[in-house]
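Q: Below are the sequence and a predicted model for it; my questions follow.
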Amino acid sequence: MSGWRHDSLGAEIDRDRPLRFTFDGLSVPGFEGDTLASALMAAGHRILGRSFKYHRPRGLWGLGAEEPNAVFDIRHEGSYLPNARATLSYAQDGMQVASVNAWPSARRDAFGLLDLAQRFLPAGFYYKTFMRLPWRIYEPMIRRMAGLGRVDPDYAPDADGVQISAACDVLVIGAGPAGLAAARAAAEAGKTVWLLEDARHPGGALRWRGGEIDGTPWRDYARDTSQAVEAAGGRVMTDTSLWGAFDHGAFAAWQRGPRPRHWRIRAARCILASGAIERPLWFADNDRPGVQSAEAALHHLALYGSLPGRRILMATDSDHSLPVARALKDAGAEVTVIDRRAEVPEATGLAQITGAGIEAARGRRGVTAALVKGEEIPCDTILCAGGWTPSVHLWCQAGGRLDMDEGRDMLVPRPGTAPMTVIGAATGTLDLAAAVAEGLAAGAGKTPAPKAPKPRARAPLRPDPARPGRQWLDLQNDVTLKDVALAAREGFTSVEHLKRYTTLGMATDQGRLSNFAGLAAMAALTNRSVAETGTTTYRPPFQPVPLSAIAGPARGALYHPLKRLALEEAHRAAGARFRDYGGWLRPSVYGQGDEAALAQSEARTARTTVAIFDASPLGKLEVIGPGAAALLDFTGYVRMSTLRPGRARYGFMLSESGIVYDDGVVLRLGADHFVVSASSSHVEGVRFVLEDARQDRIGRASVFVHDVTQAYVTLTVTGPDARALCRAAGLALPDLPHMGVGEIAYQGARLRVARISFTGDMSYELSVPARHAQTLRARLDAALAAFDGRWIGLEAVMLLRAEKGYVLIGKDTDGSTMPQDLGWDGPRARRDDEYLGKRSLFTPEAASTARRQLVGLRVPEGGQPIRTGAHLIPDTGLRRSLGFVTSSYVSPVLDRPIALALLEGGLQKIGQTVRLFDDGVVREAVVTAPCAYDPEGERLDGRA
Amino acid sequence: MQRFPCPFCGPRDETEFHFAVEAGHARPEPAGAVSDAAWAAYLYEAASPKGTTREVWLHLTCGEYFLLTRDTLTRAVNASEPLPGVAP
Amino acid sequence: MQRYSALSLLRQGLAGHKGWQSAWSKATPKPAYDAVIIGGGGHGLATAYYLAKAHGLTRVAVLERGWIGGGNTGRNTTVCRSNYFFPESVALYDLALRLYEGLSREINYNVMLSQRGMLIAAHTPAQMEICNRIANAMQINGVDGKLMGAAEAAAKVPLANTAPDARYKLMGGIWQGRAGTARHDAVAWGYARAASALGVDIIETCEVTGIDVQDGAVTGVETTLGPIRTERLGIAAAGATPGLMAHVDVTLPIHDYALQAFVSEPVKPCLDTVLLYLGTGTYVSQSDKGELVFGGGLDRVPTHGQRGNLPVQEAVTAGLLEMFPAFGQLRLLRQWAGVVDVVSDSSPLIGPAGPEGVFINCGWGTGGFKAIPAGGWLLAHLLAKGTHHEISRPFDLRRFAEGRLIDEAAGSGIAH
């Protein structure tokens, strides 16, 4: 216990609103405004987690997304969040907070003993062992040890994330001093500015360091900037992570709050002011609880009044961190500055040891002393000010390159390599006035002048391989300097190999603390410069983003939303059960009970009296104009220019590779007017094939294509009493032959009637504009009872068409099926004009007689139905597939199973017995023609 | 998320578009005079250049095919134009 | 080759790990080789290894323009499986799986093949019929595949969505018990180490800038490190293959697309199978480190840039959460993209191409990782013998002119 709370400091907590939460079962006090990190620090908790591999005790390091150690599972008021960073989570009354990767708690972790075996567990040890038995034997143990938090199997966050697309003139990322200045200048130039800030409040480091922007106290400047931005039509969003930079000025942001939002922002210009992150220092056991970022200490003191200890050492090599030491001293801590520089300006009132650094930390469960110049100095906290690493992730995401700025010892953006302007600490400018000047210039639309090189003042801070003990580079993933040395020794010297072999930079802090150190260490070990060693690539997200925010509301009914029938409610009222058929929600059967039995019964009715089904999803594409016939001749396998007006013809559409893409009936309503029916799931595709030929071949002025599928409702009346039912319903249908088409007036609109049959029985397809669907349905429905007819669902329709051997494209065909395989060789043999897919029907493979062809199958008398998906295999020789069963039903009218199959050379095998294979069981069937019922088609004109 | 300019509708998000084919593939005809190899080349071959490419795209929302010139590596869009002989 | 074992780890541990040698030698190019392989990914390195191991050819160089294993080998979701429909595909991918099964011991490098099983999940009776068709195709081809019912499938993925309003309910699917995952980097490094030990030169940061041809036969390559002579050239360069073949005026039936992959923050074990949902097209497994590794469809804009787009990220993530509502608790840790070379029929191209002595192994599209051992085995056979292995013959370029495509998506309705 060493942390404490100052009795007055803390600009962002409300001492009048105390709260309590539990951490690993212990009650922890805090105030409204605290983060979990600041409250735990103030309450004196030091061990907040365990490392990933060795289970070393770990305390708080940082102040934001870079925090590698304090990662918690949080339960609060019915919600649950694993792997939350303490630095980014606000304390709330009643929260239950648990450490991760430790059992039973971070304080007392049974796996802590693993650290004793560390010397046998170097980087990549698992590649060298566990090979004697299958990995699957060792794996469960390894997997249990790995991972951070736990998924709560019983908690599913609501799918209520909001997703919004927006656009702006200027996107400013980061509302520190540079970002505020840029936003202000851009807004004053009349631009629509979006200013996004990751933290709860704008101000950046000025929130804890204080200061002026452009001569104005920073709070006032921030407030005035918000007003200026909003006045110019822009917006300022805090608690918002800009996490992804994409092509063509697109960005993704996650806004936190009670209702998180996922923003997609398209910006004409982007100004990146994402700041920098303090770099650690490297000494033996630099991972002990109590070793912290110096800047984070000031952050926690100024915003929350939390101090990490009472006897504090601060190691630095610049003046930039002296305000940290001074503030801690003023708050009542005993502070000694360990300055690497031999000659330093006198820091008034601060104890100083110059020309020195920390050599090692002492204390197993928390710092008790530091080794400096070979002497142990008692302390409870070691603050590290190791310099700064610019946050260039988004720059790199946008394709930007980096240069090594030797003077500043930083990797900084190389201007002109990404469509962004980078300002402030993100480009290495730590001086406040200079950062503000860069912001004002960038906001006014100026390209920043190349930065003057800064001479290198002294040798850069680096991990020192000569030092004894283990120096941590990646805290969460337990990667030490020795691991990098091992990687170098074994040839994993490319930065990406280093990363992958040691897992350096792959933890949830995404390498914010470790990447530069690892890179620099590898450079030193291989006698290369940092620039020669290269940098790893940064990928979205900038910081971990909830999957639920990215996914948004697309779940359940809103995920791949189903298309719905205009008459859905009426069908439901009539007892329909619904199912997804190719993206349409359609009745499968009507009534209660076993679905297969209902389908049988419905099919029997359709064969004996009359049935009605809703065929509205069937595509209806109007093709109109003098070029219409030529268009359809080219895009179709079967010629349509020879079709007479008032008649319909069945045909196929092929892909250019000759494969059957769709089938359907084309109606010719007039000389220049056709309606193409497409399968319900192919409407868009067929339309674009027609458009392609129209625009690129036939001529766009001579023909138009119009998709009217959703504008009409189609009800199909089928069965021996179909005509009688229509008449009884008061429809004065014209006397049409099979495949005849006509129109009648219907309530001031037109009702199109087509004698097209998908069941093999006399059928009337009745299409009316959707607004008349209810009355048409009601009329037909009212007439049903007198004929003992009924509504039938898709299952019965599928059965009826299978009895007739009518194919369903995609079910009874596959991606190799050509029209001749379905018994339609005529156009291939006879057409001498060009049509889509024609040449492909004449390749050596297409001409083969051993192609898979559509046949029917009949099981021996009394045999059980064949399962769809069973394969046909040869009688003798090597077992191989000759094809497979594509459709299988029990026919109620034939009182036996029927099936369709694609069979190699099938058309030559009709009458032969073949063998079927299904899940290891082999049985026999006889090959037949596809049509099992009424092969002469006598029923098409009524009772046969 | 890329943004492509439809010659008829203006700039739109990439999700509204569908890549059709690389430009310049003339359909060899008549079928009887086309070799298997020539037909396969027409159907399947693609230069897939790393750099500038000219392609036919479909704007799904307006149904128009058009020509797009762009860079497959940098994703810069250079030009977008209607099919030959069509006024935008 | 320095042997890896628990004992060697123990010994080196006591010696401060000072005695480990470089996993593979960092070679510089010699003037000539018996065979040169362009591409130091899994396929290229495996080719080199099998050339040396199975065919005794050791004057072999692998040329890699960046660092080995840095292309799609290091960018995929690490799934190994052979649950395909066409016998040609099953033979190919099962050869790979069988080689994977003995790989760690053979090359003395733990590639962590975790045969945890894979479920391709169906949601409608129509999809179950397709699954039965595939399961039977697998069985007929001698591969372990079976149709699994709803209850058994649900037991394999306990967190799968069973809510009444689930868009895609788990009705069952195809189960392959031998399928699983492997550690992708280890496959590249392991093959590199084993090949290097047999005398193969692995040359990194060496980009091929030209292919030399005389009298219709290959005589060498031009590289950024100078010319190299060879009469046998293997190309296993995935998305870069069309550009390389352009040097010899060969156009391939390939389009290059970006394919994205995603990992969540690591959590304790919560998913013990590889899962592909036919409804969402999203696939997912949990890595040994605890991250959920997932992916979905291609970014539909042809590209050579290794960047992903936001709409696909949203769609794939929504797919994952529709499958597993509890995963809405988790956060996305990393996203990346690789450039995949997609052939018109989505099956690979293996065989001679262009000048005599040039053989290609590419077009693996979204599924190259699982095929690495087979791709290497078959390309090595071509380079050593000059003719096809029976398993690679159907994947020859000639299939397009002959109209003999091997289109899995069209054959089974399942895009791999």
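A: Right, received. Where do you want to start?

Q: for the chain, which spans come out with low pLDDT?
A: If you meant another chain, say so; for now it's chain A. Judged by pLDDT under 70, chain A has its weakly predicted residues at A:1, A:347, A:943-944.

Q: let's do chain C instead
A: C:413, C:416.

Q: In space, not sequence, find me the middle residue of it.
A: Geometric centre of chain C, nearest residue: C:F369, 1.3 Å, by Cα atoms, centre = their mean.

Q: Quick check: phi and psi at that residue.
A: Per-residue torsions, C:F369: phi -60, psi -50 (degrees, to the nearest 10).

Q: Give me the spatial nearest neighbour of it, chain neighbours excluded.
A: C:N76 (4.3 Å; Cβ to Cβ, 6 or more residues apart in numbering or on different chains). In this view, the C-beta of every residue, glycine as well, is placed from N, C-alpha and C.

Q: if I've got this straight, that neighbour is in a helix?
A: No. Using DSSP: H, G, I helix; E, B strand; the rest coil, the assignment for C:N76 is coil, not a helix.

Q: so what's A:G363 up against?
A: By Cβ atoms under 8 Å, 6 or more residues apart in numbering or on different chains, A:G363 lies in contact with A:288, A:290, A:369.

Q: From the residues you listed, pick the one nearest A:L9.
A: Distance to A:L9 across these (Cβ to Cβ) is lowest for A:G290, with 20.5 Å.

Q: neighbours of the closest one, just the number please.
A: A:G290 is flanked by 26 other residues according to other Cβ atoms under 10 Å in any protein chain shown.

Q: repeat for A:F111
A: Neighbours of A:F111 (other Cβ under 10 Å): 13.

Q: Report whether the expected contact of it with A:M141 is present.
A: No. Here A:F111 lies out of contact with A:M141, judged by Cβ atoms under 8 Å, at a distance of 11.8 Å.

Q: So which bits of chain B are right by chain C?
A: Contacts of chain B with chain C, taken as Cβ under 8 Å from any Cβ of the partner chain, map to B:1-2, B:13-15, B:17-19, B:36-37, B:39-41, B:43-51, B:53, B:55, B:72-75.

Q: show me what contacts residue 9?
A: Using chain A here. A:L9 neighbours (Cβ under 8 Å, 6+ apart): A:301-302, A:305, A:331.

Q: looking at chain B here, not the other one
A: Taking Cβ under 8 Å, 6+ apart as the test, what B:C9 contacts is B:59, B:61-62.

Q: Narrow the residues you listed to those that are buried.
A: B:H59 (16 or more other Cβ atoms under 10 Å in any protein chain shown).

Q: In strands only, show me the contacts of B:C9.
A: If you go by DSSP state E, the contacts of B:C9 have B:H59 in strands.

Q: residues near B:A87, how many?
A: Close neighbours of B:A87, defined as other Cβ under 10 Å, add up to 6.

Q: give the contact list for the closest residue to A:Q92 other than its chain neighbours.
A: Counting by Cβ to Cβ, 6+ apart, A:Q92 lies nearest to A:H76, which is 5.9 Å off, once chain neighbours are set aside. Neighbouring residues of A:H76 by Cβ under 8 Å, 6+ apart: A:92, A:94-96.

Q: most surrounded residue in those residues?
A: Neighbour counts for the contacts of A:H76 (other Cβ under 10 Å) peak at A:M95, which has 22 neighbours.

Q: residues touching the residue nearest to that residue when sequence neighbours are not counted, list them.
A: Nearest-residue entry for A:M95: A:F21, 3.8 Å, with adjacent residues in sequence omitted and distances by Cβ to Cβ, 6+ apart. Residues counted as contacts of A:F21 (Cβ under 8 Å, 6+ apart) are A:27-28, A:30, A:36, A:39, A:91-97.

Q: Cheers, nothing more for now.
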